[in-house]
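Enquirer: Sequence unavailable; structure follows:
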Ligand SMILES: Nc1ncnc2c1ncn2[C@@H]1O[C@H](COP(=O)(O)OP(=O)(O)OP(=O)(O)O)[C@@H](O)[C@H]1O
Ligand SMILES: O=C(O)[C@H](O)[C@@H](O)[C@H](O)[C@H](O)CO
């Protein structure tokens, strides 16, 4: 601890709750939600809709775009909360290179629960048949700094405050200043 978290990425496999948790955290922290799925190029959506997993090349441009979007949000004085699968270490490192002080919230879910959630979710492009490939790609962020792992089956009402508390604690420990996520305000404590 002690490193200030400038922006958050809510990560994990499809169905783990990135959009739900990201929205709740952004709301509670007064931060700006960036919904990573909205930045996929049409070709990526077409591939996933057809039941074909994305590969590193498919994800490279998308990750670069997400890094730019977080940097742009910070330059406007807002704190970004990005939802992004960020399944592999090299994807997370690409995001870290774009935005120093990036915190990750990993929503940990079993294959069975992820498959059930995705199968039961109406009107979404992601088929449950791709869950296995999501777990095949997943490199859990177990030994990485500025990372909070949460059981993705916890109630949302419990997760969002925990994330915001962790975020605040990291900022308050930074050089004796308190940074309020979502604002440009930094005050001495
Ligand atoms: N903590 C939770 N408890 C119970 N159900 C949840 C929880 N979080 C999310 N869900 C439900 O699981 C489904 C998937 O959630 P959500 O869309 O937020 O996941 P996601 O990781 O953003 O998925 P994707 O990456 O595929 O878009 C939704 O139907 C959502 O309502
Ligand atoms: O890296 C990936 O394979 C993708 O980002 C997927 O995770 C989906 O976009 C997302 O989960 C929507 O269901």
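Expert: Nice, I can see it. Every value quoted in this text rests on a predicted model; they were computed, and no experiment measured them. Residues are numbered from 1 along each chain as shown. Ligands and ions are numbered 1, 2, ... in the order given.

Enquirer: a helix runs through residue 100, doesn't it?
Expert: No. Counting by DSSP: H, G, I helix; E, B strand; the rest coil, residue 100 is not part of a helix but coil.

Enquirer: how much space between it and residue 75?
Expert: With distances taken as CB to CB, to the nearest Å, residue 100 is found 13 Å from residue 75. C-beta: built from backbone N, CA, C; applies to glycine.

Enquirer: more crowded one of those two?
Expert: Comparing residue 100 with residue 75 by other CB atoms under 10 Å, the one with more neighbours is residue 100, at 12 against 8.

Enquirer: roughly how far apart are that one and residue 27?
Expert: As judged by CB to CB, residue 100 and residue 27 stand 25 Å apart.

Enquirer: do residue 47 as well
Expert: 32 Å.

Enquirer: okay, these two: which has more neighbours?
Expert: Neighbour count, other CB under 10 Å: between residue 47 and residue 27, residue 47 has more, with 18 against 14.

Enquirer: Residue of the chain nearest ligand 1, please.
Expert: residue 17 (3.0 Å; CB to the nearest ligand atom).

Enquirer: That residue and residue 108 touch, don't they?
Expert: No. With contact defined as CB atoms under 8 Å, residue 17 does not reach residue 108; the gap is 10.2 Å.

Enquirer: So between those two, which is more surrounded?
Expert: Applying other CB under 10 Å to residue 17 and residue 108 shows that residue 17 carries more neighbours, namely 22 against 15.
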